[in-house]
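In: How does the following fold in three dimensions:
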Amino acid sequence: MKHWIPFVKSPSLVAVIRLTGSIGTSGTAKLNDEAMGPVIDRAFKRGKPSAVALLINSPGGSPVQSSLIAARIRRLADEKKIPVHAFVEDVAASGGYWLATSADDIWVDAGSIVGSIGVISAGFGLHELITRHGVERRVHISAKSKSMLDPFQPEKKADVARLKDILGQIHELFTDQVKSRRGGRLSEKQDLFTGEFWLGRRAVELGLVDGEAHLLPKLQELYGENVRLAHYGRRRGLLRRFGANLANDAIGAIEERADYARFGL
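Out: Numbers count the residues shown, from 1 in each chain. You can find the predicted model right below:
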């Protein structure tokens, strides 16, 4: 009943948003703006929080969804004038680090993986396989670039060059995001935009993050020993709770496992 007594200061409230998993629009375990938007909105608006904490464990994914989620967080933080703190668990790499840069400061465990500021596109070439099995691929197009990077046709140099140009443009957007949010904190002694990633302690030295700290002790340091935490995360649908969509869940889990495996996790 303490916070109902007049003139007695209530403990600070911090909204904690969990951002876990790969970032994208497909699969069952994906982080995207459609799923996380309402969660983020509630965290900023419910109960007049003193701050918002992002609890991040993501190997990255879609640049667009990373940008949309990060932009939403910044928009609400500026509108409500609420500070945002990011805490990295196992990994905040690629798009996961993009999410972290939406915070005013970033805190890591010494063993957290951070960075991978770059863009990747991967696929398979199956044209030799179908030829070997006597399968004929028939494609009819009205524009020369309409079947770009068709996995059932031999790779074309022009298509690869075009793809690399697009990836380069996205890389520039990512680089601009990091520079605009981290500013003068970034080390000038090393190129941080090669796609390389580092452990948390080294990331502190490079200015990619602000220090080593875990969520509760740091929030107690900033907002008092009695700080209250309100946790927000994406809810599973009713059907999924009872084991429906098992095939999609399995495929999503495999895809996400592959994303984490790129960082040895």
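
In: Please report phi then psi for residue 162.
Out: With angles defined as degrees, to the nearest 10, residue 162 sits at phi -70, psi -40.

In: what helix or strand is residue 138 on?
Out: Assigned by DSSP states H and E, residue 138 falls within no helix or strand.

In: From residue 155, how far off is it?
Out: Look at residue 138 and residue 155: by C-beta to C-beta, to the nearest Å, they are 19 Å apart. Where you see a C-beta, it was placed from the backbone N, CA and C, and this is true even at glycine.

In: do residue 99 as well
Out: Taking C-beta to C-beta, one finds residue 99 at 33 Å from residue 155.

In: And those two? Which one has more around it.
Out: Higher neighbour count among residue 99 and residue 155: residue 99, with 27 against 14, using other C-beta atoms under 10 Å.

In: Just the pLDDT for the more buried one.
Out: On pLDDT, residue 99 comes in at 98.

In: Setting aside sequence neighbours, what's the nearest residue to residue 40?
Out: If the residues on either side of it in the chain are set aside, residue 40 comes closest to residue 72, at 5.6 Å by C-beta to C-beta, 6 or more residues apart in numbering.

In: Quick check: phi and psi at that neighbour.
Out: phi -60, psi -40.

In: burial count for it?
Out: 17.

In: and what of residue 22?
Out: Residue 22 has 26 nearby residues by other C-beta under 10 Å.

In: Then residue 135?
Out: Counted with other C-beta under 10 Å, residue 135 comes out at 11.

In: how far away is it from residue 73?
Out: 48 Å.

In: what residues are up against residue 53?
Out: 14, 15, 16, 17, 84, 85, 86, 87, 215, 219, 229 (C-beta atoms under 8 Å, 6 or more residues apart in numbering).

In: so how far is residue 166 from it?
Out: Distance from residue 53 to residue 166, by C-beta to C-beta: 35 Å.

In: returning to that earlier point: quick one: which of the contacts of residue 53 sit in helices?
Out: Counted as lying in helices by DSSP state H, out of these, are 215, 219.

In: where does this structure have its least confident helix or strand?
Out: helix 238-241 (a mean of 46; mean pLDDT, DSSP states H and E).

In: The helix or strand that residue 44 is a member of: how far from the chain's middle?
Out: In the assignment (DSSP H and E), residue 44 maps to helix 33-45. In terms of C-alpha atoms, centre = their mean, to the nearest Å, the centre of helix 33-45 is set 15 Å apart from its chain centre.

In: wait, isn't residue 90 in contact with residue 56?
Out: No: with contact defined as C-beta atoms under 8 Å, residue 90 and residue 56 do not form a contacting pair (9.3 Å).

In: Among those two, which residue is more densely surrounded?
Out: For the pair residue 90 and residue 56, the greater number of neighbours falls to residue 56 (27 against 18), based on other C-beta under 10 Å.

In: Fine by me, we can end here.
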